[in-house]
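# Following is a predicted model, sequence given first.
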Amino acid sequence: MKNILITGGAGYIGSVLTETLLNKGYKVTVVDLFDQLESSLSYAAQYKNFSAKRLDVLDAKKLREFCTPFDVIIPLAALVGAPLCERHEVLAELINYKSIANILETKKSDQLIIYPNTNSGYGKMTDNEDFCTEESPLNPISVYGETKVRAEKDIINSGGIAFRLATVFGSSYRMRTDLMVNEFVYKAVKEKCVVLFESHFRRNFIHVRDVCKAFIHAIENSSSMSGEVYNLGLSSANYTKKQLCLKIKEQVKSFVIIENDISLDPDKRDYLVSNEKLEATGWSPDHSIESGIAELIKYYETFAPIKTANV
Ligand SMILES: NC(=O)c1ccc[n+]([C@@H]2O[C@H](COP(=O)([O-])OP(=O)(O)OC[C@H]3O[C@@H](n4cnc5c(N)ncnc54)[C@H](O)[C@@H]3O)[C@@H](O)[C@H]2O)c1
């Protein structure tokens, strides 16, 4: 049984990934600040193969000691999103870049690291490009994107596996309503209306459980996937913001979409992304944008959470 460490495992992706790995029989340890009032991992206490430790990844010495026994390390702990990192630049550098460098410093040759980067660094596509591939240049313009890209480079140089994630959607034990699909469905259900800026900008999306499926795929195929970076998104969901809203409107008929350039995208994201490289390794998604929207409608109608914008 593989012994897996997830840093930031109490977060949006981590709390679902922990469950997925436990159900597959992996031994999972989570380190996190656990600063939410109610733990997103309370369900996991029942699993014999689960353990957790409150640890700040900025404590380099403790983190390095702690990492030693694990076969696989999945470092999810981060300050996530451009607005948050813009407000806390130094902390973003320390958590998003330095804590990864610290893990790599004492990484043993038989330890596998699987890292989630953002694909926001692809930025705005040039006119002669069809799709962004893993070969396309990354030119991140936000502190968030820039710290993540540097960390990815170090991970790949050390033989790890990196995924460049599309914008993630779907329900989680630690919900994030600041992510585009989640936010637009929230608005459709709760506010009946969205004001779209840069409505023609193209984005791509991926369900949180398909992200987890890709992590497991990487663990199970590490010998052929190591040292490589893979785009991770739904090939059937390269949509403009407006097309996404129209998809939501198919299921929430009363949703009003207003276009007005009241703001600008901090990452200047307008791109189509190819996921062919990952698909060629045998990974495929289980969740469509339509089923994800239906899931989110049920989530927001039923649980009506207070909006938890991560900005
Ligand atoms: N959600 C997305 O759309 C997306 C897209 C691309 C990449 N990613 C990457 O995936 C990872 C997880 O993202 P998420 O959406 O689950 O975010 P999240 O904010 O929900 O989770 C981050 C977790 O890290 C923990 N954390 C933060 N600072 C810490 C510290 N100093 N010590 C210990 N734990 C700390 C937080 O408590 C939280 O549980 C991040 O690295 C993010 O950059 C996410």
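Alright, I've got the coordinates.

# what stretches of this protein score poorly on pLDDT?
37, 126-128, 266-267, 304-311 (pLDDT under 70).

# P137: neighbour count?
P137 has 9 neighbouring residues, counting by other C-beta atoms under 10 Å. C-betas here are computed from N, CA, C, even on glycine.

# Oops, could you answer that again for M1 instead?
For M1, using other C-beta under 10 Å, the count is 9.

# wait, doesn't it sit right on V28?
No. Using C-beta atoms under 8 Å, M1 makes no contact with V28, being 10.3 Å away.

# Quick check: neighbours shared by the two?
N49 (C-beta atoms under 8 Å, 6 or more residues apart in numbering).

# what's the burial count for N260?
So N260, with other C-beta under 10 Å, has 9 neighbours.

# cool, the one 4 residues further on as well?
The criterion is other C-beta under 10 Å. On that basis, L264 has 10 neighbouring residues.

# Residue of the chain nearest the ligand, please.
With C-beta to the nearest ligand atom as the measure, G11 is the residue of the chain nearest to the ligand, at 2.1 Å.

# Would you agree that residue is in contact with M175?
No. Under the criterion of C-beta under 8 Å, G11 makes no contact with M175, lying 10.5 Å away.

# Make sure V194 is actually in contact with N260.
No. Assessed by C-beta under 8 Å, V194 is found out of contact with N260, at 10.3 Å.

# can you confirm I258 is in a helix?
No. I258 is assigned strand when assessed by DSSP: H, G, I helix; E, B strand; the rest coil, not a helix.

# got the contact list for D265?
197-198, 201.

# Now neighbour count and secondary structure too, for these, in TSV please.
Formatted as TSV, the contacts of D265 follow (neighbours: other C-beta atoms under 10 Å; DSSP: H, G, I helix; E, B strand; the rest coil):
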residue	neighbour count	secondary structure
F197	13	coil
E198	16	coil
F201	19	coil
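
# Name the nearest residue to the residue of the chain positioned farthest from its centre, sequence neighbours excluded.
Note on the chain: the largest C-alpha distance from the chain mean falls to S254, namely 30.0 Å (C-alpha atoms, centre = their mean). Nearest non-adjacent residue to S254, counting by C-beta to C-beta, 6 or more residues apart in numbering: K192, 5.4 Å away.

# do the same with M1
Counting by C-beta to C-beta, 6+ apart, K27 is the residue found nearest to M1 once chain neighbours are left out, at 5.4 Å.

# residue contacts, the one you found?
K27 neighbours (C-beta under 8 Å, 6+ apart): 1-4, 49-50.

# Next: D56.
L33.

# helix, strand or coil for it?
Quick answer, by three-state DSSP: D56 is coil.

# Tell me the residues of the chain that contact the ligand?
7-8, 10-14, 32-33, 35, 56-58, 76-78, 80, 95, 116, 118, 148, 165, 167-168, 174, 176, 179 (C-beta under 6 Å from any ligand atom).

# coming back round to it: most surrounded residue in the contacts of K27?
Neighbour-wise, those (other C-beta under 10 Å) top out at I4, 25 neighbours.

# how long is stretch 82-92 from one end to the other?
Terminal residues of stretch 82-92 are spaced 10 Å apart (C-alpha to C-alpha, to the nearest Å).

# One more: stretch 81-99?
17 Å.

# Need the residues that contact that stretch.
For stretch 81-99, contacts defined as C-beta under 8 Å, 6+ apart pick out 7, 57-58, 60, 63, 75, 77-79, 120, 142-145, 147-148, 150-151, 178, 266-267, 310-311.

# Which of the residues you listed are buried? Put it as a ChimeraX command.
A single ChimeraX command selects the buried members of these (16 or more other C-beta atoms under 10 Å):
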select :7,57,60,63,75,77,78,79,120,142,143,144,145,147,148,150,151,178,266,267
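
# List the ones among the contacts of stretch 81-99 that fall in strands.
Among the contacts of stretch 81-99, the residues falling in strands (DSSP state E) are 7, 75.

# Contact partners for the closest residue to V195 other than its chain neighbours?
Closest residue to V195 apart from its sequence neighbours, by C-beta to C-beta, 6+ apart: I258 at 4.9 Å. Neighbouring residues of I258 by C-beta under 8 Å, 6+ apart: 193-196.

# Check L196 too.
241-242, 245, 257-260.

# again, but for E183
Counted by C-beta under 8 Å, 6+ apart, E183 has contacts T177.

# So what does it have for phi and psi?
When read as degrees, to the nearest 10, the backbone of E183 gives phi -60, psi -40.

# before we move on, what about I114?
Here is the backbone geometry of I114 (degrees, to the nearest 10): phi -120, psi 120.

# partners of it in the sheet?
I161 (DSSP bridges).

# Nearest residue to V181 in space, please, no chain neighbours.
Excluding the flanking residues, the one nearest V181 by C-beta to C-beta, 6+ apart is F169, at 3.5 Å.
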